[in-house]
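Peer 1: No sequence on hand, only this structure:
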């Protein structure tokens with residue numbers, strides 16, 4: 001599989017993993033190891049530097065890139081504050097911007113997300129903003145310095161798949177930056193679908209963490225992402241509305257009648 005470059009870093013895995021909802025930190029660690037992801041996101045509020053046993057960072061492999069997210073931020077100002085705090089705590093300069101003030105559907109606020117992205121990109125952060133799929137907002141995010149754009153497939157934590165498929169496809173086709181489908185992907189086949197569409201990567205959390213076996217499910221997602229990317233590079237065959245036989249319908253049987 002071809003590598004993905006974000007913020008000057010070359011990534012072999014196109015599967016990003018979240019860290020919430022696992023039965024325990026041990027199963028989370030084993031799931032991360034199982035799928036070979038290189039980018040792991042976590043809410044900064046779950047980091048407890050005072051307790052080695054409960055500190056989630058202790059259960060993330062050291063060779064993974066930490067992608068702290070600004071979960072809990074309701075506006076740009078709060079997101080910027082959380083990002084700066086994460087960097088000061090030693091979590092690096094990658095940041096996933098999440099600005100959500102809608103408590104029912106947890107839909108991101110694109111306007112506040114653009115404001116936060118611009119501020120943090122100027123400060124040297126590698127900014128990956130989570131957003132509601134919208135072409136113009138996606139272009140603005142890239143213009144103000146986003147290293148990649150992360151449109152949702154469906155509301156976060158729902159496992160409902162890529163309900164925003166047409167809008168995400170437009171963003172993939174029209175935005176000159178990696179598009180990472182985030183939120184809503186519930187099955188490995190849906191991750192493969194996103195990759196077949198041309199997404200640069202997918203971020204999955206709930207579908208793995210709440211499965212019956214997170215370790216095996218993480219592996220299944222890894223294989224699906226790889227298969228989808230290979231299929232995209234191989235270019236899918238054309239679709240049509242009329243049947244076309246795979247073999248010629250004339251010649252062979254007719255020859256036996258002569």
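Peer 2: Yes, it's here. Treat the numbers as computed from the prediction; the structure is a model and nothing was measured. Residues are numbered from 1 along each chain as shown.
Peer 1: okay, CA-based contacts and neighbour counts for the rest of this
Peer 2: Fine.
Peer 1: any weak-confidence spans in the stretch 151-258 of the chain?
Peer 2: Confidence mapping of the stretch 151-258 of the chain against pLDDT under 70 gives the ranges 248-258.
Peer 1: and residue 16, bridged to which residues?
Peer 2: Beta bridges link residue 16 to residue 39, residue 203, judged by DSSP bridges.
Peer 1: Assess the claim that it and residue 42 are in contact.
Peer 2: No: taking contact to mean Cα atoms under 8 Å, the distance of 11.1 Å between residue 16 and residue 42 leaves them out of contact.
Peer 1: Name the residues of the helix ranked longest in the chain that come out as buried.
Peer 2: Among the segments of the chain that qualify as a helix by DSSP state H, the longest is helix 214-234. With burial defined by 16 or more other Cα atoms under 10 Å, the residues of helix 214-234 counted as buried are 214-232.
Peer 1: Which strands or helices does it pack on?
Peer 2: Taking 3 or more Cα pairs under 8 Å, 6 or more residues apart in numbering; DSSP states H and E as contact, the helices and strands that helix 214-234 lies on are strand 15-18, helix 25-35, helix 188-197, helix 206-209.
Peer 1: now for the ones you listed, which one comes closest to residue 95?
Peer 2: Comparing these against residue 95 with Cα to Cα, the closest turns out to be strand 15-18 (13.2 Å).
Peer 1: tell me the contacts of the most centrally placed residue in the chain?
Peer 2: Closest to where the C-alpha atoms of the chain average out (Cα atoms, centre = their mean) is residue 203, at 2.5 Å. Under the criterion of Cα atoms under 8 Å, 6 or more residues apart in numbering, the neighbours of residue 203 are 15, 16, 17, 18, 180, 181, 182, 183.
Peer 1: Rebuild the residues you listed as TSV, extending it with neighbour count.
Peer 2: Supplementary listing: the contacts of residue 203 in TSV, determined by neighbours: other Cα atoms under 10 Å:
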residue	neighbour count
15	26
16	24
17	27
18	22
180	28
181	30
182	26
183	27
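Peer 1: of these, closest to residue 100?
Peer 2: Of all those, residue 100 sits closest to residue 183, with 13.5 Å by Cα to Cα.
Peer 1: What's the separation between that closest one and residue 193?
Peer 2: Separation of residue 183 from residue 193 (Cα to Cα, to the nearest Å): 14 Å.
Peer 1: again, but for residue 35
Peer 2: Using Cα to Cα, one gets 18 Å for the distance from residue 35 to residue 193.
Peer 1: Residue 224 too?
Peer 2: From residue 224 over to residue 193 the distance is 9 Å, taken as Cα to Cα.
Peer 1: For residue 225, list the residues it contacts.
Peer 2: When contacts are counted by Cα under 8 Å, 6+ apart, residue 225 is found next to 14, 15, 188, 191, 192, 195, 201, 202.
Peer 1: Which one of these is nearest to residue 69?
Peer 2: residue 202 (15.5 Å).
Peer 1: Does that closest one touch residue 191 like I think?
Peer 2: Yes: in this structure, residue 202 is within contact of residue 191 by Cα under 8 Å, at 6.7 Å.
Peer 1: Which parts of the stretch 1-150 of the chain are strands?
Peer 2: Under the criterion DSSP state E, counting those that start in this stretch, the stretch 1-150 of the chain carries strands at the ranges 4-6, 9-11, 15-18, 39-43, 65-69, 94-97, 126-131, 150-151.
Peer 1: can you put those strands in TSV and add distance to residue 244?
Peer 2: Compiled in TSV, these are given as follows (distance: least, Cα to Cα, whole Å):
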stretch	distance to residue 244
strand 4-6	37
strand 9-11	40
strand 15-18	36
strand 39-43	44
strand 65-69	48
strand 94-97	47
strand 126-131	41
strand 150-151	37
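Peer 1: Quick check: which of those strands is nearest to residue 108?
Peer 2: For the strands of the stretch 1-150 of the chain, proximity to residue 108 was assessed by Cα to Cα; strand 126-131 is nearest, at 5.4 Å.
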